[in-house]
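> pasting a predicted model and its sequence here:
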Amino acid sequence: MSSTTGVVRHELYKEHLADYPHVESPQRLQVIYDMLDQADMADKFVAISPRPATHEELAWIHSESHIQRVTATDGKPHASLDPDTQTTALSCQAATLAAGGLFCLIDKIFDNTVRNGFALVRPPGHHAERDRAMGFCLFNNVALGAMYAMHTYSVKRVLIVDWDLHHGNATQNSFYADPAVLYFSTQQFPYYPGSGDLTEVGRGEGKGFTVNVPLQPGHGDKEFYQIFKQILSPIASAFKPEFILVSAGFDTYVDDPLGGMKVTPIGYAALTRILMDLAKTCCSERLAITLEGGYHLEGLRESAKAVIKELTHDSILTQADIESLEKGPAPPIIKEVIQAQRPYWPSL
């Protein structure tokens, strides 16, 4: 049986920050790639080769000066673009290939080679603003992916879901006044980068098309599942996206060194299932996931595996897992977010 799931991988992604001490290390991809090569994952997915994003494509989201600043690091042993964001000799090439890798996954989804997929790329992207690199990110892969789908396939409505521990400030800013892109984000708050309060709902025509769920530390599988079920599902169903993109950060994992959340692989599989159900209802199953954060190597490997297995309909979830996730009191933040969003989404 041929797989309906695509996976983007490339050795160049591991050259970003190679031999440079940084928490966003090449080992993050190495453990995932090693997992993909194990016997139990063989033939589960279609391997997709990436291509670099072009200068013109990067300019959909980023300024000329920013593109030039990143390009100027090419071949240099080390450059610092902000206190957290470093480059090494091949970082620029890896970054253009990261954005382009997501484009290639989108191509395969829209030509029906696959139904869904995961771009396992570095560097991550959701903090990269129009005019600056920040938070380990050089180019905003997921924002560029949304623009690619709209430019190339005439998609009119894109849903971006961001479950990274940190708020995707730059993704939000890219589409803050744009009703064509619904940005939904859960994040530890207040925490880096400081944005993502529930009062941030969009501007002008984009009001109501930004949905933030700011969370105190300590939330786990049940809370995230209920947030997705009670807030995301009804809003997305009303929005009716033609394509769904996910910024998948696994730094909400229970033992992640940078975070205070308690999500396990069961939780990530359950969130993926909710998104797959939405994609099936709204957009012919078209769902593309791209890697953001996640710094506990074993947790990152097992969580990414749970997501890929869910995408391929080889779920780790049992009926008992789902029943357990649906039990218990809903976190109070759900009511607060619904109150903030109800003027724009009356069905909540």
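Received the coordinates, thanks.

> ranges for the helices of the stretch 101-250 of the chain?
Counting by DSSP state H, counting those that start in this stretch, the stretch 101-250 of the chain has these helices, from start to end: 141-153, 169-174, 221-227, 233-239.

> let me have those in TSV, adding distance to Arg9 as columns.
Quick note: C-beta positions are derived from backbone N, CA and C, even for glycine. Conversion of the helices of the stretch 101-250 of the chain to TSV gives the following (distance: least, CB to CB, whole Å):
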stretch	distance to Arg9
helix 141-153	14
helix 169-174	23
helix 221-227	27
helix 233-239	28
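
> now those helices as a markdown table including mean pLDDT?
A markdown table is the format used below for the helices of the stretch 101-250 of the chain (pLDDT from 0 to 100):
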| stretch | mean pLDDT |
| --- | --- |
| helix 141-153 | 99 |
| helix 169-174 | 98 |
| helix 221-227 | 98 |
| helix 233-239 | 98 |
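
> ok, which of the ones you listed comes nearest Val121?
Among the helices of the stretch 101-250 of the chain, helix 141-153 comes nearest to Val121, with 6.6 Å by CB to CB.

> from the chain's centroid, how far away is the closest one?
For helix 141-153, the separation from the chain centroid amounts to 14 Å (computed by CA atoms, centre = their mean, to the nearest Å).

> just the buried positions in that helix, please.
For helix 141-153, burial by neighbour count (16 or more other CB atoms under 10 Å) applies to 141-150, 153.

> who does that helix touch, helix- and strand-wise?
Contacts defined by 3 or more CB pairs under 8 Å, 6 or more residues apart in numbering; DSSP states H and E place helix 141-153 against helix 55-58, helix 91-110, strand 158-162, helix 169-174, strand 243-248, strand 287-291.

> can I get the CA coordinates of it in PDB?
What follows is helix 141-153, C-alpha atoms only, in PDB (Å, rounded to 0.1, in the frame of the first residue of the first chain):
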ATOM      1  CA  ASN A 141       9.000  28.800   7.000                       C
ATOM      2  CA  VAL A 142       5.300  28.500   8.000                       C
ATOM      3  CA  ALA A 143       4.400  32.000   6.900                       C
ATOM      4  CA  LEU A 144       6.200  31.500   3.600                       C
ATOM      5  CA  GLY A 145       4.400  28.200   3.200                       C
ATOM      6  CA  ALA A 146       1.000  30.000   3.600                       C
ATOM      7  CA  MET A 147       2.100  32.500   1.000                       C
ATOM      8  CA  TYR A 148       3.300  29.700  -1.300                       C
ATOM      9  CA  ALA A 149      -0.100  27.900  -1.100                       C
ATOM     10  CA  MET A 150      -1.900  31.200  -1.900                       C
ATOM     11  CA  HIS A 151       0.300  32.300  -4.700                       C
ATOM     12  CA  THR A 152       0.900  28.900  -6.400                       C
ATOM     13  CA  TYR A 153      -2.400  27.100  -5.800                       C
END
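
> what residues are up against Ile160?
Contact analysis of Ile160 by CB atoms under 8 Å, 6 or more residues apart in numbering lists 142-143, 146, 168, 171, 175, 181-184, 244-247.

> just so I have it, where are all the strands in the chain?
Along the chain, the segments classed as strands by DSSP state E run 5-8, 46-48, 79-82, 85-87, 116-119, 158-162, 181-188, 210-215, 243-248, 287-291.

> low pLDDT regions in the chain?
Counting by pLDDT under 70, the chain shows low-confidence ranges at 1-2.

> tell me which residue is most central in it.
Nearest to the geometric centre of the chain sits Ser247, at 0.7 Å (CA atoms, centre = their mean).

> ok so, going back, which one, of the helices of the stretch 101-250 of the chain, ends up nearest to Ile106?
Using CB to CB as the measure, helix 141-153 is the one of the helices of the stretch 101-250 of the chain that comes nearest Ile106, at 5.6 Å.

> between the closest one and strand 287-291, how big is the angle?
Relative orientation of helix 141-153 with respect to strand 287-291: 150 degrees, computed using axes from the mean of the first three to the mean of the last three CA atoms, to 10 degrees.

> residues in contact with helix 141-153?
Residues contacting helix 141-153 (CB under 8 Å, 6+ apart): 53, 57-58, 60-61, 98-99, 102-103, 106-107, 110, 119, 121, 124-126, 155-156, 158, 160, 162, 168, 170-171, 174-175, 180-181, 243, 245-247, 288, 290, 292.

> next up, the contacts around Phe228.
Phe228 makes contacts with 271, 274-275, as judged by CB under 8 Å, 6+ apart.

> from Ala306, how far out is it?
15 Å (CB to CB, to the nearest Å).

> ok, now Lys207?
According to CB to CB, Lys207 and Ala306 sit 35 Å apart.

> for these two, indicate the residue with more neighbours.
Taking neighbours as other CB atoms under 10 Å, Lys207 and Ala306 compare with Ala306 leading, 23 against 14.

> give the closest residue to the more buried one in space, chain neighbours not counted.
If the residues on either side of it in the chain are set aside, Ala306 comes closest to Pro265, at 3.7 Å by CB to CB, 6 or more residues apart in numbering.

> what about that neighbour, how many residues nearby?
Neighbour tally, Pro265, other CB under 10 Å: 23.

> how about it, what does it touch?
Neighbour list for Pro265: 302-303, 305-306, 316 [criterion: CB under 8 Å, 6+ apart].

> if we use 10 Å, what do you get?
221, 250, 253-254, 299, 301-307, 309-310, 316-317 (CB atoms under 10 Å, 6 or more residues apart in numbering).
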